[in-house]
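Q: model the structure of this input:
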Amino acid sequence: MTPAGTLLRFALLAALAALAVAASLLHGSSGLGVHDALLALTGGGDETTRSIVLDVRLPRTLAAVGVGSVLALAGVLLQALFRNPLADPYVLGVSGGAAVGALLALIAGAGIVATRSGAFAGAIATIGLVALAGRGGGVTRLLLTGVVVASACGACVSVLLALADNGQLRGMVFWLAGDLGWASDPWTSGLTALAALVLALAFARPLNVLAAGELRAQAVGLDLTLARWAIFLVSAALTSTAVVTAGTVGFVGLVTPHAVRLAFRTGDHRIVAPAAALLGGSFVVAADYAARTIAAPRQLPVGAILALIGAPLFLVLLRSTVSAPRARQ
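A: Numbers count the residues shown, from 1 in each chain. As a prediction, the model looks like this:
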């Protein structure tokens, strides 16, 4: 693709992101007009309007952008690591492991730092387990390992919810389904996404080499052990940040990198990483906007909206990926 075509596609992604953010900020279930919302964003209007826009919509929108970006980048990194377009924090059970770690910390009455640490530990343990158990078995073994690990994490979550205090239970259940209402600190996910994007761009060449295969990586002198552990740690940090902020939001890391590769017709991570981060943020913002408005005044779990979109796409990708080797035989 020509540089002009790449720039045009980036401009379209930026326009899509701006449209999603504008819709999320200016329209909702409260009945505020667009003019009133614009006044509130500039510091005008009455106190109630400013509270709705600045204290409710703005934090959720910023959190949605951050969560979508970190999950998309985690998907990019895991797909480069496993050389598999179906790798994703949710599908491989990494989100479930982070949720188990976070729930353990919450039930123990831990603060936000300990909760984030618990989510990180759960995510890194799950990634390591999937990598070890699924090694050398191709696409089918990797996916089966991820499904088994995700099921085990789901069982652990059910046990933890049964042990939780009744006062915490409803909030935990809604959070696990994907809820950006928990996003009291939206800047964390946004800054994490920015830091991860910088790292992904800085190490785009090693990611390209790693995605090409181990023989190619060894031929150019890439330290495979160091690269794998770096991707493990960064992916776990990204996934745990998203889980603590919004619960187990799925399929973003699967759909967005694949869509970007199709749209830009390239696997170059210098393009895929920033484009996936931009598209992932837009995707989650749009899903959160739909979750807040479809059944207003009730709010739907944003994770459920994303799963309804992502699950059919996953089946299509799985079919095309599994059938491709057979077609070459």
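Q: OK, contacts around the closest residue to Phe174 other than its chain neighbours?
A: Counting by CB to CB, 6 or more residues apart in numbering, Pro301 is the residue found nearest to Phe174 once chain neighbours are left out, at 6.4 Å. C-beta coordinates here come from the backbone N, C-alpha and C atoms, glycine included. Applying CB atoms under 8 Å, 6 or more residues apart in numbering to Pro301 gives the contacts 174, 177-179, 247, 291.
Q: also Leu163?
A: The neighbours of Leu163, taking CB under 8 Å, 6+ apart as the test, are Ile107.
Q: distance check, it against Gly109.
A: Noted for Leu163: a distance of 13 Å to Gly109, by CB to CB, to the nearest Å.
Q: swap in Asn208?
A: Taking CB to CB as the measure, Asn208 falls 45 Å from Gly109.
Q: now do Ser69
A: Where Gly109 is concerned, Ser69 sits at a distance of 31 Å (CB to CB).
Q: so between these two, which is more surrounded?
A: When Ser69 and Gly109 are compared for neighbours, Ser69 comes out ahead with 32 against 9, by other CB atoms under 10 Å.
Q: not counting sequence-adjacent ones, nearest residue to the more buried one?
A: Using CB to CB, 6+ apart, the closest residue to Ser69 is Ala193 (3.6 Å).
Q: the closest residue to Val76 other than its chain neighbours is in what secondary structure piece?
A: Take Val76 and drop its neighbours on the chain: the residue closest to it by CB to CB, 6+ apart is Pro257, 4.8 Å away. When secondary structure is defined by DSSP states H and E, Pro257 falls within helix 252-264.
Q: what does Val157 give?
A: With secondary structure defined by DSSP H and E, Val157 is part of helix 138-163.
Q: would you tell me what the next helix or strand after that helix is?
A: Proceeding N to C from helix 138-163, the next assigned helix or strand is helix 166-176, under DSSP H and E.
Q: contacting residues around that following helix?
A: Contacts of helix 166-176 with the rest of the structure, by CB under 8 Å, 6+ apart, involve 99, 103, 106-107, 157, 161, 164, 181-182, 246-248, 301, 303.
Q: buried stuff in that helix?
A: 172, 174-176 (16 or more other CB atoms under 10 Å).
Q: and whatever helix or strand comes next after that helix, average pLDDT?
A: Per DSSP H and E, the first helix or strand lying C-terminal to helix 166-176 is helix 186-202. Computed over helix 186-202, the mean pLDDT rounds to 78.
Q: for stretch 36-49, same thing?
A: The average of the pLDDT scores along stretch 36-49 is 85.
Q: also stretch 85-99?
A: Average pLDDT, stretch 85-99: 85.
Q: just the endpoints, please. Distance across that stretch?
A: Distance between the boundary residues of stretch 85-99 (CA to CA, to the nearest Å) amounts to 24 Å.
Q: thank you kindly, that will do.
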